[in-house]
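> Below: sequence and its predicted model.
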Amino acid sequence: MTATLPSDVDLLRSSGLRATSGRLAILVALDAAPHADAETLRRGLGAEAPSLQAVHNILADLHSAGIVRRFEPARSAARYERRVDDNHHHAVCSSCGKVVDVDCSIGEAPCLHGPTPPGFAVAEAEVIFWGVCDDCA
Ligand SMILES: [Zn+2]
Ligand SMILES: [Zn+2]
């Protein structure tokens with residue numbers, strides 16, 4: 001298994017989670033493969049990988065603790081990443097599914113303001129840019 005930075009242990013503990021080997025492995029895997037889905041992360045862990053269900057459980061714990069961000073492009077499995085400290089967006093290749101970060105010019109949610117319906121408080125504008133990546137163009 002890959003060496004784990006002590007900061008990941010601290011990060012989990014300060015979020016109220018036990019620093020289990022599975023959670024630490026997923027965090028390391030997400031460092032290497034941002035915007036990966038659960039199956040890709042599991043495959044990246046090789047022979048020591050937990051079951052897919054266990055990976056989903058770990059990701060759900062990390063997500064509810066605010067350690068990972070989750071987003072779900074249309075026609076794709078949910079993707080996960082560790083960049084949680086800003087309100088960035090994503091560009092998704094409609095051909096191969098590759099995801100790249102797009103900085104938000106405002107930086108905090110909600111960065112788009114439309115006419116708000118009465119009785120509704122907007123917290124976030126979920127923006128996904130669709131296009132074709134260089135490899136697929
Ligand atoms: Zn592509
Ligand atoms: Zn991202």
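Structure received. Ligands and ions are numbered 1, 2, ... in the order given.

> start to end distance for stretch 120-137?
40 Å (C-alpha to C-alpha, to the nearest Å).

> Wondering if that stretch reaches ligand 1 at all.
Yes: residues of stretch 120-137 are located near ligand 1 by C-beta under 5 Å from the ion, namely 133, 136. Placement of C-beta: from N, CA and C, glycine included.

> That stretch near ligand 2 at all?
No: if you take C-beta under 5 Å from the ion as the test, stretch 120-137 misses ligand 2, and the best it gets is 10.6 Å.

> which residues sit against that stretch?
Contacts to stretch 120-137, defined as C-beta atoms under 8 Å, 6 or more residues apart in numbering, come from residues 71, 73-74, 87, 89-96, 98, 100, 102, 109-114, 116.

> and ligand 1, which of these reach it?
93, 95, 96, 98.

> do you know how far the third one is from ligand 2?
Per C-beta to the ion, to the nearest Å, residue 96 is found 17 Å from ligand 2.

> Find the helix or strand that that residue is a member of.
Per DSSP states H and E, residue 96 falls between elements, in no helix or strand.

> who touches it in this structure?
Counted by C-beta under 8 Å, 6+ apart, residue 96 has contacts 133, 135, 136.

> And the pLDDT for it?
Looking at residue 96, its pLDDT reads 93.

> Export the contacts of residue 96 as CSV, with columns for neighbour count.
Listed next are the contacts of residue 96 as CSV, based on neighbours: other C-beta atoms under 10 Å:
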residue, neighbour count
133, 16
135, 9
136, 12
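
> Now do the strands in this structure.
Secondary structure of the chain (DSSP state E): strands at 36-37, 69-71, 79-81, 89-93, 99-102, 128-131.

> shaky segments in the chain?
Along the chain, the model assigns pLDDT under 70 to residues 1-6.

> Show me the chain divided up by domain.
The chain breaks down into these domains under automatic domain parsing: 6-81, 86-137.
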